[in-house]
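[1] Could you work out the structure for the sequence below:
(chains A and B)
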Amino acid sequence: GENVEQHPSTLSVQEGDSAVIKCTYSDSASNYFPWYKQELGKRPQLIIDIRSNVGEKKDQRIAVTLNKTAKHFSLHITETQPEDSAVYFCAAKPPGNKLVFGAGTILRVKS
Amino acid sequence: NAGVTQTPKFQVLKTGQSMTLQCAQDMNHEYMSWYRQDPGMGLRLIHYSVGAGITDQGEVPNGYNVSRSTTEDFPLRLLSAAPSQTSVYFCASRLTLGSANYGYTFGSGTRLTVV
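    Residues are numbered from 1 along each chain as shown, chains lettered A, B, ... in the order given. Take a look at the predicted model:
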């Protein structure tokens, strides 16, 4: 089955700097790759997603890139702010309905 | 439109007790699922359902049962609670095949402690 690996497990950046979180997946048939943000004690919230027929998607300060050949995708956050501090999860959806999550990245933005 | 509603928010059980975590959605989503979240392990799929009367096992199904008698409800039953089931449980739903919207909507979670 699909396996998703996520790196790094923790990331500390200075306010205003960029943050990059990387994920790799194993099933080349996976066709949907969302990213979720989870604040402390809250539910995961979808922040951006990308489908397999697109290489890059941007929404204000966040962007996701997908390299299907290498089977990896990345989340880029520019001009980080303290409110970006959270746990970020990547996920991949193989054919069917199941979503397989990475282990998560704790992002700390220091002001 | 309440989205995905989970109850209870917190629960403490003794080893061997049974209980049901409730999940309901009012978005007419066919697909519903249960995940558990443990530190450093992300979200792991327990059971899922693609429609009323249809359920299947996920990654970590042992010790849990589910049923789907209606589109709206997808309860998760712990048959005989064990300390290893101490976790935060999330219910998630989405529209399924044929829909361009693949996004999952999560409930607010149930924090379960088994002592």
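[2] Quick check, A:Gln45 in contact with A:Tyr36.
    Yes - contact criterion C-beta atoms under 8 Å: A:Gln45 and A:Tyr36 qualify, at 6.2 Å. Where C-beta positions appear, they are placed from N, C-alpha and C, glycine not excepted.
[3] Which of those two has more residues huddled nearby?
    Neighbours were counted for A:Gln45 and for A:Tyr36 using other C-beta atoms under 10 Å in any protein chain shown; A:Tyr36 has more, 25 against 13.
[4] Can you name the residues bridging to that one?
    Per DSSP bridges, the residues bridged to A:Tyr36 are A:Leu46, A:Phe89.
[5] Kindly report the residues of chain A close to chain B.
    Residues of chain A lying near chain B by C-beta under 8 Å from any C-beta of the partner chain: A:6, A:9, A:32, A:34, A:42-46, A:49, A:51, A:89, A:93, A:97-104.
[6] Now do the contacts for the residue most central in space within chain B.
    By C-alpha atoms, centre = their mean, chain B has its centre lying nearest to B:Trp34, at 2.7 Å. Listed by C-beta atoms under 8 Å, 6 or more residues apart in numbering or on different chains, the contact set of B:Trp34 reads B:21, B:23, B:45-48, B:58, B:64, B:66, B:74, B:76, B:89-92.
[7] Try it again at 7 Å.
    B:46-47, B:66, B:76, B:89, B:91 (C-beta atoms under 7 Å, 6 or more residues apart in numbering or on different chains).
[8] Take these and write them to TSV, including pLDDT.
    Shown next, in TSV, are the contacts of B:Trp34 (pLDDT from 0 to 100):
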residue	pLDDT
B:Ile46	97
B:His47	97
B:Val66	98
B:Leu76	98
B:Tyr89	98
B:Cys91	97
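[9] Find me the pLDDT at A:Gly1, would you?
    Listed pLDDT for A:Gly1 reads 87.
[10] From the structure, what's the count of residues near it?
    Residues near A:Gly1, counting by other C-beta under 10 Å: 8.
[11] next one: B:Ser84
    10.
[12] Below-threshold pLDDT in chain A: ranges please.
    Applying pLDDT under 70 to chain A picks out no residues at all.
[13] at 80 what do you get?
    Scanning chain A for pLDDT under 80 picks out A:96-97.
[14] residues touching the spatially closest residue to B:Gly3 that is not a sequence neighbour, list them.
    Nearest non-adjacent residue to B:Gly3, counting by C-beta to C-beta, 6 or more residues apart in numbering or on different chains: B:Thr105, 5.7 Å away. Neighbouring residues of B:Thr105 by C-beta under 7 Å, 6+ apart: B:3-4, B:27, B:92-94.
[15] among those, which ones are buried?
    For the contacts of B:Thr105, a neighbour count by 16 or more other C-beta atoms under 10 Å in any protein chain shown gives the buried set as B:4, B:92-94.
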